[in-house]
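Peer 1: Using only what follows, build the 3D model:
(2 chains)
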Amino acid sequence: QKEVEQDPGPLSVPEGAIVSLNCTYSNSAFQYFMWYRQYSRKGPELLMYTYSSGNKEDGRFTAQVDKSSKYISLFIRDSQPSDSATYLCAMSPKAAGNKLTFGGGTRVLVKP
Amino acid sequence: GAVVSQHPSWVICKSGTSVKIECRSLDFQATTMFWYRQFPKQSLMLMATSNEGSKATYEQGVEKDKFLINHASLTLSTLTVTSAHPEDSSFYICSARDSAGTEVYEQYFGPGTRLTVT
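Peer 2: Model (predicted):
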């Protein structure tokens, strides 16, 4: 079993819809949770980070963490075609040389 | 700010030759850099952690003699794929941790290098 599980998709939504992404994890030592966006053949770009249970909002993005269920989510409101990309969750223990463990990524397609 | 570059962006080499990939932090110092490998439609797999002035730490299953890492300065780390074979064809991505940062998310990714071994 992988430490971090993420549905690979693809997830296809119409423009303006809410995109809902999630990851589950098994390592209770994970304390930091990040979401990255990766366009094809490009490096990942940090979208959101959090290290506590609950919600964190930044513009159209909301990150949600439920440590008791070992489940994290990312919501994208008012989705745009430019949001079409692969979204990766990443996690890290509080003290592990800042190594990140990534989920497999979910491919998202926002159709105009 | 926080820009990381990689060179080359794409390289094709013949089987048996060696290829060097550079990772540079352009506007910050990076004591630590990470090298990842990504196969098509798969996630990033950490290969090694590169520390300036010391030997790299390799993840389990990564051949240190095949993937040579040198981190000679606070802004440059190199990955050399020695005696490359077609199965080494992949997308190689580096990330650099801002030495002035204290948070785990303060590491920034390069644009990646696509290696094709023929």
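Peer 1: Point out where chain B drops to low pLDDT.
Peer 2: B:1 (pLDDT under 70).
Peer 1: quick one, what contacts the most centrally placed residue in it?
Peer 2: In chain B, the residue lying closest to the centroid (CA atoms, centre = their mean) is residue B:35, at 3.5 Å. By CB atoms under 8 Å, 6 or more residues apart in numbering or on different chains, residue B:35 lies in contact with B:23, B:46-48, B:50, B:67, B:69, B:77, B:79, B:92-94. (C-beta placed from N, C-alpha, C; glycine too.)
Peer 1: Kindly state the beta-bridge partners for it.
Peer 2: residue B:48, residue B:94 (DSSP bridges).
Peer 1: where do the strands sit along chain B?
Peer 2: B:4-7, B:10-13, B:19-25, B:32-38, B:44-51, B:57-58, B:67-73, B:76-81, B:90-97, B:107-109, B:113-117 (DSSP state E).
Peer 1: how near is the residue of chain B positioned farthest from its centre to chain A?
Peer 2: The centre of chain B is farthest from one residue, residue B:102, which by CA atoms, centre = their mean lies 21.6 Å away. Between residue B:102 and chain A the distance is 10 Å, computed by CB to the nearest CB, to the nearest Å.
Peer 1: Report the contact partners of that residue.
Peer 2: With CB under 8 Å, 6+ apart, residue B:102 has no contacts at all.
Peer 1: List phi and psi for it.
Peer 2: phi -120, psi 0 (degrees, to the nearest 10).
Peer 1: Let me know the pLDDT of residue A:22.
Peer 2: Note on residue A:22: pLDDT of 97.
Peer 1: So it is in contact with residue A:72, correct?
Peer 2: Yes - the criterion here is CB atoms under 8 Å, and residue A:22 meets it with residue A:72 at 6.6 Å.
Peer 1: More neighbours: which of these two?
Peer 2: residue A:72 (27 against 17; other CB atoms under 10 Å in any protein chain shown).
Peer 1: Assign the closest residue to residue A:82 other than its chain neighbours to helix, strand or coil.
Peer 2: What sits nearest to residue A:82 in space, not counting adjacent residues and going by CB to CB, 6 or more residues apart in numbering or on different chains, is residue A:110, at 7.8 Å. Here residue A:110 is recorded as strand under DSSP: H, G, I helix; E, B strand; the rest coil.
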